[in-house]
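A.B. asks: Next input, structure requested:
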Amino acid sequence: MIIGQIIVRESANGGGELRHRDDLKCADGELTLHTDPEDAVGLALYDDAGAYRPLKTAPNLRHGWRMVLADGAAARLALDSFYPGRRGAFAAFQAGRLHPTPLRETLGRQTGMYRVTQKITEEQIDALVGSFCRSDGGCLRTILWKRDTAGAAPSSLLPSEKFDPTHDQSGQTREQFASFVPLLCQEACNLLVAKARAVVKGKSSSGKE
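C.D. replies: Numbering: from 1, shown residues only. Next up is the predicted model:
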């Protein structure tokens, strides 16, 4: 099974191994071994350069590790640390219980310092979502939400595959794997809302107004 940038391979005794999909061809001895599923918390914190990863579904998961876990429960715990809430979102989607929230509705609920995001223009949304949410360097989630209740696309700058749950956002082949779990995005995340505030406030990359 693949989920995001992780390969999950089940063992005969019900356990499993997790590793970065880019490390598929690495010999076991080339990778740092972990047997505690809670180690996933630390592995998900920083990228290869040691920079903090505020967005766990960004395509910058660190390389060089493998997790050998005793059972399915341990594997699920590790995956929930790598990609918080994404297994649950997929299960809800399969059951028809995942209800995406339009971006304008999400922004309409904001209060305090984030209330200003309600003033973002259509052009600003198009550019922001097209940049922040792109799979290449942005986020590996598949967007299910719309821009508004009328069903407008989140951004004209993103390919149609970005909204397709059957598409692997990593852009790599998955034919050799038995199953594929997409990282679904049912509502704009807090980081996107924060970026929307910066756009409306006219902040530059330096943080100045």
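A.B. asks: tally of neighbours for the closest residue to M113 other than its chain neighbours?
C.D. replies: Computed as Cβ to Cβ, 6 or more residues apart in numbering, the closest residue to M113 that is not its neighbour in sequence is R197, at 7.0 Å. For glycine as for every other residue, the C-beta is placed from the backbone atoms N, C-alpha and C. R197 has 19 neighbours, counted by other Cβ atoms under 10 Å.
A.B. asks: likewise F82?
C.D. replies: Applying other Cβ under 10 Å, I find that F82 has 20 neighbouring residues.
A.B. asks: Could you tell me which residues make contact with it?
C.D. replies: With contact set as Cβ atoms under 8 Å, 6 or more residues apart in numbering, F82 has these partners: G4, I6, L18, A40, L43, A44, K56, L61.
A.B. asks: Whichever of the residues you listed end up buried, select them in PyMOL.
C.D. replies: A single PyMOL command selects the buried members of the contacts of F82 (16 or more other Cβ atoms under 10 Å):
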select buried, resi 4+6+18+40+43+44+56+61
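A.B. asks: Show only the entries of the contacts of F82 found in strands.
C.D. replies: I6, L18 (DSSP state E).
A.B. asks: Can you name the two of the contacts of F82 that sit furthest apart?
C.D. replies: The distance between the two most remote of the contacts of F82 (Cβ to Cβ) is 14.6 Å, for L18 and K56.
A.B. asks: could you pull out the helices for the protein?
C.D. replies: 39-43, 72-82, 86-94, 103-108, 122-132, 190-201 (DSSP state H).
A.B. asks: I'd like to know which of those helices is closest to R66.
C.D. replies: Of the helices of the chain, the one closest to R66 (Cβ to Cβ) turns out to be helix 39-43, at 10.4 Å.
A.B. asks: Now do that closest one: distance to the chain's middle.
C.D. replies: Centroid separation for helix 39-43 versus its chain: 16 Å, with Cα atoms, centre = their mean, to the nearest Å.
A.B. asks: Tell me how many other residues surround the closest residue to L61 other than its chain neighbours.
C.D. replies: Among residues not flanking L61 along the chain, Q5 sits closest, at 4.5 Å (Cβ to Cβ, 6+ apart). As a burial measure, Q5 scores 24 neighbours (other Cβ under 10 Å).
A.B. asks: who's in contact with Q5?
C.D. replies: So Q5 contacts H20, R21, D22, P59, L61, L140, S170 (Cβ under 8 Å, 6+ apart).
A.B. asks: Where does pLDDT dip in this protein?
C.D. replies: Applying pLDDT under 70 to the chain picks out residues 12-13, 172-178, 203-209.
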